[in-house]
Structures are given as structure tokens and as C-alpha cells.
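Peer 1: here's my sequence, what's the structure:
(2 chains)
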Amino acid sequence: MSKPVLEQVAGNGLMNRRHLLGLGLTGLGAVAVNSALAADSDMNLQQPAWSRRPGPGPSAYGQPSSHVSHVRRSPSAPDPIYPGGGISRTPLQDLQGSLTPNSLHFERHHAGVPNIDPAAHRLVINGLVRQPLVFDYDSLLRYPMVSRIYFLECSGNSRALLSGGNEDGSAQSLHGLLSAAEWTGIPLSVLLDEAGINSSARWLAAVGADAASMGRSIPIEKALDDVLVALFQNGEPVRPEQGYPMRLFVPGWEGNVSVKWLTQLKLTESPVQFRDETSKYTDTLPDRSSIQFSFPMGVKSVITSPSGQMHLEASGLYQISGLAWSGHGHIRRVEVSADGGSSWAEALLDTAGANKALTRFRIPWQWRGGPATLLSRAIDSAGNIQPDLARVVAERGPVSFYHNNGIQSWGVSSNGEVYNVT
Amino acid sequence: MSLDHCRQLAILLIALSVPVSSVSQSTTSPGLGIAVQESALSAIDLIAQANGNGFPPGGGSAREGRTVFIQNCAACHGMSGQGVSASTVLVGGNMQSAESPLRTVGSYWPYASTLFDFIRRAMPADAPKSLSDQEVYQVTAYVLFLNDLIAEDTRIDRERLLAIEMPNADGFVDQSHIH
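Peer 2: Numbers count the residues shown, from 1 in each chain, chains lettered A, B, ... in the order given. Now for the predicted structure:
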């Protein structure tokens, strides 16, 4: 009990992650006991009202506590010249673990959310196939399915940081076009095998049943690798905002290739050159050439707590926590700095080895009440290292705004305000 | 199923030119897809590809498209494609300008086919798929005309559309090989 409380492993108060595994926890316990002894009469140690009368009974569909009504997506304002179009962002700073509740999964719609009657919905496979086929919803429910946990990130996530500005941002407003779910569906290769792919087919065009008939072209190698026709999201039928009754799910790739409300898959020799793979979702570089078909989302991480717009009430021990992910595989390592990158400590990974999923990382941090700059840096199983934001800005320039995987910096002022540093 | 029924089915399938192999795969896969002919999919399959596949018959000129554009498009895109916001501008822009380049159909889009495909599937934004194929050709011609890429009386059809060399056609680097 007289041993030093926590082992500092990097500058400005970063502690050994192994303390989170129960090692050296005497220190934490001592802090907690001290806090309890210091508390006084407003501890409210009486039987509360809710312990004195029965509450409401069961309900048909559960709702979150009324006390967490602040945990909400942030939908963009309606735009009359863009009916149904827009985004809503996931409140990353309010969530824990590595899955996103369905009601909080981020949204990006190009023409609103269609109200699809599954009995009238069709999935067509045609083009360069031996036999064009039409599937209905009930038939697809009979197919063998697999369940996989994957992240989904809009390629425009974190775009505000590429143009500076937005100093008042939160984890949600800056990085909230990121979510993860357990997707259950039919391996696309099973359905394509039934139609029979002609040897001349090199690409697959996927089209949604929304008013925009959203379309994207996907190389056939990926289509036959790990792509799903997803019918369930975290165990329940896919939500309307996510593509009910079915969506394509393309693990690790920019979000909009996972076409929602999937209604057509057409095998082709070459890309269709849809609007959303030419005019949009292409990345214009400083030399004014533009990258097309920049599919995988790069290795990335963000500290979600403490994060922008939070306030640290008092100095003491905190747990820095965040999310890391890569479209190239799984997260091998996350490093955290509390001194703006002068020194780094390795964080504890909750779900190490999660392929193309979110990995929660944590590390203890002793905030001594002085200024701090918190950074996280992820390294994936392919050896990719998350780049500095300045490097991303330099390489991609001011015109491009997709695929920003640069390191997020959160400043902590001596009065405990946490803010975005750009 | 009796042997006679099997024989009848086999004859039927051969008569319909449906490959028997797509049925025999049902031993490992449910095989619940309904076989259809491509010709039955013309209303569902709106994909008009850059290689020319999928374009419907017909055509139209910018002169014909002007009225269609004013009635269906100008509220958001302006009478001459100047737009009402940065995201609705259809004309102008220069990818090599010193300032951040305005990316429009004329300055940025690599393929003219995309214009037809996108208008037919997604425009006008408040009533997608309400234009006839002929009107889509006409509006496509009008937007190309506004960008000084064709003359006002040039009739745009499938062949003519594919022949148009867009100014930024060589401005893209394909990274689809990077998975």
C-alpha cells in the first residue's frame, strides 16, 4: 500500500496502460477512498423516490433513459434545393465500447430515406452473367448468412480539419461520420455464383432504390472477397436510414460504396462512371490531378474522452479513451501523447485484432492541472501509421476534402477546457 | 418430383435457353432467384455506362432542351447554369486557376455519359425519373451547350455523347487497384 501509486510512462502524466488491467490499482483505490471521505452532507444517502414505488412495466420497443436525451445524432438542417439530402453525426464523445447503437449510427443521404415495402422490393443481378436473376426479400431471408462487426466511415469524415477552422469542434462534429455495427447478411459471392459471372466481368455496379438511385462501381475482386448483402444491423432488421430492407456492405471502404436500399447489382467490364465516383468522392490534389476510386479508409484514431467541448472539473486521474480503425485490416497498436507529441505511451486495446472494426483504446492519465495537448496515433496490421494532420494537408492540399486520416489534437487549458487544435 | 416431371422441366429449361447449371447449383445454394431476360429489366436498369452500354434510343438538342431546363432545372441551377449555391453551379471553373478551382461539369467531369446517367436517375431533385428519355437527352445537350462543349443545334444521342472529349478527361488517376 505504500508503493508509488502509478507508473508514469510518458510526459505530462501518461501512466502505464497495465494499471487498467488491475496492476497497481492500489493507487486508484486510495484516490477513491479519499474522495468518499472528503464528501459531506450532500451525498444523499437516503432511499430515493424510485425505490419507493413501482415503475412502468415492459414496453414493445425500448428507449434510452430520459436522462440521456443529450446523446443524439446531429442532423444537418433541411435544404430546399437538396430534398432529403444531408448528414447526421454519431455522438462519439458520449459512447463507450466499440459498437454504435442503431439509433445513433451516422447518416448520409443523397435524396432522403425511402419508405420501402419489403414485399415490393426486388434485388436484380444482371449484366455480364450467365443468367439474370431477381430476388425478393423473403427468399433472401432463407439464404445462409454470416455476422461480422465492421466500421463504416464516410469518406468526407473529418473534412473540416483539412481547411483549418472549426476550432469549437467536438468529437461528434469533427469525426462523427463514423459508426460500427454487427452486420448480418449473405456473402455477395453466393448470390453472384447463382447468376454465374462471365469471365469478361471486371466490375460490379451497385444501385440503391432511393430517389437518387445512388450508384457506385466496385472491382470484382473486392465484390467476391468480403462484401455482404446485409439484412440485419446489430441483430435487428437494417434501419431505414441504413438501407432497409437491405444494403451492400463493403468492409473497410469509403462509406458510400456500401450502397443502401440495394436493388440492383450489374456486372460490367468497366466502371459505370456514376456521378458519385467522378464529380463527387474524388480527391483533387495540389497539382490539380484527382484521385478516382480511392476506396480503403486509411488507418486512423481519435480520442473521444477527453475531447473537444468537454470540461475537466478538477485535476486528478482520468482515463483517456478513444477509437482506432483501419480499412486495411486490424489495429496493431495505438500510442497516446499528452505533451503534443514530444513523448508517447502505448494504450491498452480493448478489442485487439478486430478486422475492419473499431478498436477501443484506453490509457490512464494524471492531469496535474496544467496545459496539455492530447494526441493519438494508430498503427494497423499492414504497418500503416496514422499521419500528422499537417502531412495530410500538405499532400492532399486545400481542394480535397475526402479521406482525412490525420492525427487529431485536443488542447486542454489550465482551467480544464478541452478544445480542437488546428 | 417424378422422373417424368424432371424430364419435362429439363425440356422446358432447354426450350427457354435457361442454363441448366444455374438450377443444378441449388445443391449448395438455395437457388431462389427468379430467372429473367435482360429485356424484362429495362424499367429497373437505368445504368448508362461510359462505355456506351445501357443508353436508350433517342436524342435531342440544346435548343430543344432549353424549355425543359427552364421548367425543371433553372430553379436550382439558374437560367444559364450559374447555380444558386456552390453545389449547384453547372458552368465555368478552371482546374488550373490559382485559387481553389470551381469544379463543374465543364471544368471537372471526365465523362459526358455521366451527365445523362445522373440526370435520368436523380434529377430534378424534387421529382427524379420524371423526365422522358428524350427530355434527358435534351437537357444533357443543354448543359453541354452552356459549357461551350457543343453547338446549340447539335443533336446529342448515344454516339455523339460518347464522342465528346471532356476538358478534364485526363485529370484523373485511377487508384482502384489499391484495396
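
Peer 1: which element is B:L46 on?
Peer 2: Using DSSP states H and E, B:L46 maps to neither a helix nor a strand.

Peer 1: what residues are up against it?
Peer 2: Neighbouring residues of B:L46 by CB atoms under 8 Å, 6 or more residues apart in numbering or on different chains: A:V207, A:S213, B:G54, B:D117, B:R120, B:R121, B:K129. For the C-beta atoms, the positions are set from N, CA and C on the backbone; glycine is no exception.

Peer 1: does stretch A:142-158 come close to chain B?
Peer 2: Yes. Residues of stretch A:142-158 contacting chain B under CB under 8 Å from any CB of the partner chain: A:R142, A:Y143.

Peer 1: ok, which pair from the contacts of B:L46 is furthest apart?
Peer 2: Using CB to CB, the contacts of B:L46 span at most 15.0 Å, a distance reached by B:G54 and B:K129.

Peer 1: of the two, who's got more company?
Peer 2: B:G54 (21 against 14; other CB atoms under 10 Å in any protein chain shown).

Peer 1: coming back round to it: of the contacts of B:L46, just the buried ones, PyMOL syntax please.
Peer 2: Of the contacts of B:L46, the buried ones can be selected in PyMOL as follows, counting by 16 or more other CB atoms under 10 Å in any protein chain shown:
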select buried, (chain A and resi 207+213) or (chain B and resi 54+117+120+121)
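
Peer 1: among the contacts of B:L46, which lie within helices?
Peer 2: Counting by DSSP state H, the contacts of B:L46 place B:D117, B:R120, B:R121 in helices.

Peer 1: can you lay out these as a markdown table showing distance to chain A and pLDDT?
Peer 2: Converted to a markdown table, the ones in helices among the contacts of B:L46 look like this (distance: CB to the nearest CB, whole Å; pLDDT from 0 to 100):
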| residue | distance to chain A | pLDDT |
| --- | --- | --- |
| B:D117 | 7 | 98 |
| B:R120 | 9 | 98 |
| B:R121 | 4 | 97 |
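
Peer 1: and stretch A:400-416, what's its mean pLDDT?
Peer 2: For stretch A:400-416, mean pLDDT is 96.

Peer 1: and that stretch with chain B, contact?
Peer 2: No. Interface with chain B: stretch A:400-416 contributes nothing (CB under 8 Å from any CB), its closest point being 10.3 Å away.

Peer 1: and the residue in chain B that chain A sits nearest to, how far from A:Y137?
Peer 2: Closest approach between chain B and chain A, counting by CB to the nearest CB: B:G33, at 3.1 Å. Distance, B:G33 to A:Y137, using CB to CB, to the nearest Å: 13 Å.

Peer 1: the nearest residue to B:R103 once chain neighbours are set aside in helix, strand or coil?
Peer 2: The shortest distance from B:R103 to any non-neighbouring residue, by CB to CB, 6 or more residues apart in numbering or on different chains, is to B:G93 (6.0 Å). State at B:G93, reduced to three classes by DSSP: H, G, I helix; E, B strand; the rest coil: coil.

Peer 1: which ones are touching the closest residue to A:E313 other than its chain neighbours?
Peer 2: Excluding the flanking residues, the one nearest A:E313 by CB to CB, 6+ apart is A:G416, at 6.5 Å. Contact partners of A:G416, counting by CB under 8 Å, 6+ apart, are A:H311, A:L312, A:E313, A:A314.

Peer 1: the first one: how many residues sit nearby?
Peer 2: Taking other CB under 10 Å as the neighbour definition, A:H311 ends up with a count of 11.

Peer 1: can you tell me how far the closest residue to it other than its chain neighbours sits from A:D339?
Peer 2: Spatial nearest neighbour of A:H311, excluding adjacent residues (CB to CB, 6+ apart): A:G416 at 5.3 Å. In this view, A:G416 and A:D339 are 17 Å apart by CB to CB.

Peer 1: which among the contacts of B:L46 gets closest to A:H328?
Peer 2: Among the contacts of B:L46, and counting by CB to CB, the member closest to A:H328 is A:V207, at 27.2 Å.

Peer 1: now that closest one. Nearest residue, chain neighbours left out?
Peer 2: A:Q264 (4.1 Å).

Peer 1: that's a strand at the one you found, yeah?
Peer 2: Yes. Assessed with three-state DSSP, A:Q264 lies in a strand.

Peer 1: tell me where chain B has strands.
Peer 2: B:34-35, B:59-61, B:155-157, B:172-174 (DSSP state E).

Peer 1: name the residues that touch the last one?
Peer 2: The set of residues that contact strand B:172-174 without belonging to it, under CB under 8 Å, 6+ apart, is A:T278, A:T282, A:S289, A:S290, A:I291, A:Q292, A:F293, B:P110.

Peer 1: in ChimeraX, select just the buried ones from these.
Peer 2: Per 16+ other CB under 10 Å, the buried members of the contacts of strand B:172-174 correspond to this ChimeraX selection:
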select /A:278,282,290,291,292,293 /B:110
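
Peer 1: B:M79: which of the contacts of strand B:172-174 is nearest?
Peer 2: A:T278 (25.5 Å).

Peer 1: ok, the closest one - contacts?
Peer 2: By CB under 8 Å, 6+ apart, the neighbours of A:T278 are A:Q292, B:W109, B:P110, B:Y111, B:T114, B:F172.

Peer 1: now these as TSV including distance to B:E165 and pLDDT?
Peer 2: As requested, the contacts of A:T278 are exported to TSV (distance: CB to CB, whole Å; pLDDT from 0 to 100):
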residue	distance to B:E165	pLDDT
A:Q292	17	98
B:W109	12	98
B:P110	10	98
B:Y111	10	98
B:T114	14	98
B:F172	14	98
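
Peer 1: of the contacts of A:G416, buried ones?
Peer 2: Judged by 16+ other CB under 10 Å, buried ones among these: A:L312.

Peer 1: A:E254 versus the closest residue to A:G156 other than its chain neighbours, what's the distance?
Peer 2: Distance criterion CB to CB, 6+ apart; nearest residue to A:G156, sequence neighbours excluded, is A:Y402 at 5.7 Å. A:Y402 is 7 Å from A:E254, where distance means CB to CB.

Peer 1: anything in contact with each of the two?
Peer 2: Here A:Y402 and A:E254 share the contacting residues A:S155, A:Y281, A:S294, scored by CB under 8 Å, 6+ apart.

Peer 1: what would those residues look like in a markdown table with distance to A:Q386?
Peer 2: Below are the shared contacts of A:Y402 and A:E254 laid out as a markdown table (distance: CB to CB, whole Å):
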| residue | distance to A:Q386 |
| --- | --- |
| A:S155 | 16 |
| A:Y281 | 22 |
| A:S294 | 17 |
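
Peer 1: which among those gets closest to chain B?
Peer 2: Nearest to chain B among these, with distances taken as CB to the nearest CB, is A:S294, at 5.2 Å.

Peer 1: could I get the phi/psi values of that closest one?
Peer 2: The phi and psi values for A:S294, taken as degrees, to the nearest 10, are phi -90, psi 80.

Peer 1: identify the residue spatially nearest to B:S100, adjacent ones excluded.
Peer 2: The nearest residue in space to B:S100 (CB to CB, 6+ apart) is A:V399, at 5.5 Å.
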